[in-house]
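Engineer: give the three-dimensional model of this entry:
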Amino acid sequence: MKLVTWNCKGPHRNTKFEIDNFRENIKWLKETYPDADLFAIQECSKEQVDSIRGNAEYGAKYAAWYGDDIDWFMRGTALFSNKRCFTEREEFYHNPDFRYVVPYSINIKEESLIFTLFNVWTKAKPQNYKAYKTTNYHFYEKNVTEALAYYSELNFYPNTGIFDKPCLMIGDFNFGRNVAEVKNTFGKEINKYGFVIPDMSENLVTFKNNKSSFYFNDTCIVNGLKAVILQQAVTFDSMKDRSDHIPVAFEISSK
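Structural biologist: Have a look, this model is predicted:
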């Protein structure tokens, strides 16, 4: 299967202009990756997702959105597909303290490919942090390592743990470093749980900040699956003002 992840640089006020712009951007994404089976989107609002939900032209015949409404503008994460290949959020497993590491069950019947997908968008401190200070927040990639520790203990019954089938985490991890540094630090942390970062160029950059510095922030990590990064379809220059992140595409298969 082909899986595309993209932080779409979400809304500020959920104005009609922003929703229309989102629709145009997702249509562009679908046209850029016409054979993608599934899109994992970060930094989008429910209003934006609802505006294309059920529409195959946007690759969103089936769509799911999750956000916790703590930050401004109600931004969260979404999955889109024209195939009925994923569940709604896995309530049995999901722990909202990890912002955001959101689990879904994926079933690509044509490829007999079944696994758990975590849509990831790691977060900074909430804007109105004092109002939520009783919550045990983790920041940026620590959300992922803490979530892995938590989910690895969820073996309520024999062979029912979330890691008893292949798993994949994909999205915007907010590393703020390069590929080599990430593999040497975060990579060693996730290896404890059987996860690995796919091989990719150490020169890969996926995020450009407002000072024109480039970083490797967006990727997938796999456990019991094979992931191959596909050739970049776009560049930052070709995207104009769509986002400060570029989409990243992977081919996912059984190990």
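Engineer: and the residue nearest the centre of the protein?
Structural biologist: In the chain, the residue lying closest to the centroid (Cα atoms, centre = their mean) is G171, at 2.7 Å.
Engineer: element containing the closest residue to it other than its chain neighbours?
Structural biologist: Nearest residue to G171, sequence neighbours excluded (Cβ to Cβ, 6 or more residues apart in numbering): V120, at 3.4 Å. The C-beta positions use only the backbone N, C-alpha and C, and glycine is treated the same way. Assigned by DSSP states H and E, V120 belongs to strand 113-121.
Engineer: and if you look at E189?
Structural biologist: Applying DSSP H and E, one finds E189 within helix 186-191.
Engineer: would you mark the buried spots in that helix?
Structural biologist: Using 16 or more other Cβ atoms under 10 Å as the test for burial, helix 186-191 gives 186-187, 190.
Engineer: show me the contacts for the closest residue to V234 other than its chain neighbours.
Structural biologist: Closest residue to V234 apart from its sequence neighbours, by Cβ to Cβ, 6+ apart: I246 at 5.7 Å. Counting by Cβ atoms under 8 Å, 6 or more residues apart in numbering, I246 touches 6, 206-207, 218, 232, 234-236, 239.
Engineer: and what of T5?
Structural biologist: If you count contacts by Cβ under 8 Å, 6+ apart, then T5 has 39-42, 170-172, 218-220, 247-250 around it.
Engineer: packing partners of the helix holding E189?
Structural biologist: Where contact means 3 or more Cβ pairs under 8 Å, 6 or more residues apart in numbering; DSSP states H and E, helix 186-191 is packed against helix 142-152.
Engineer: mind putting the contacts of T5 in a markdown table, distance to K2 included?
Structural biologist: Listed next are the contacts of T5 as a markdown table, based on distance: Cβ to Cβ, whole Å:
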| residue | distance to K2 |
| --- | --- |
| F39 | 10 |
| A40 | 12 |
| I41 | 15 |
| Q42 | 18 |
| I170 | 12 |
| G171 | 16 |
| D172 | 19 |
| D218 | 16 |
| T219 | 15 |
| C220 | 12 |
| P247 | 12 |
| V248 | 11 |
| A249 | 6 |
| F250 | 7 |
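Engineer: from those, which ones fall inside strands?
Structural biologist: Counting by DSSP state E, these place 39-42, 170-172, 218-220, 248-250 in strands.
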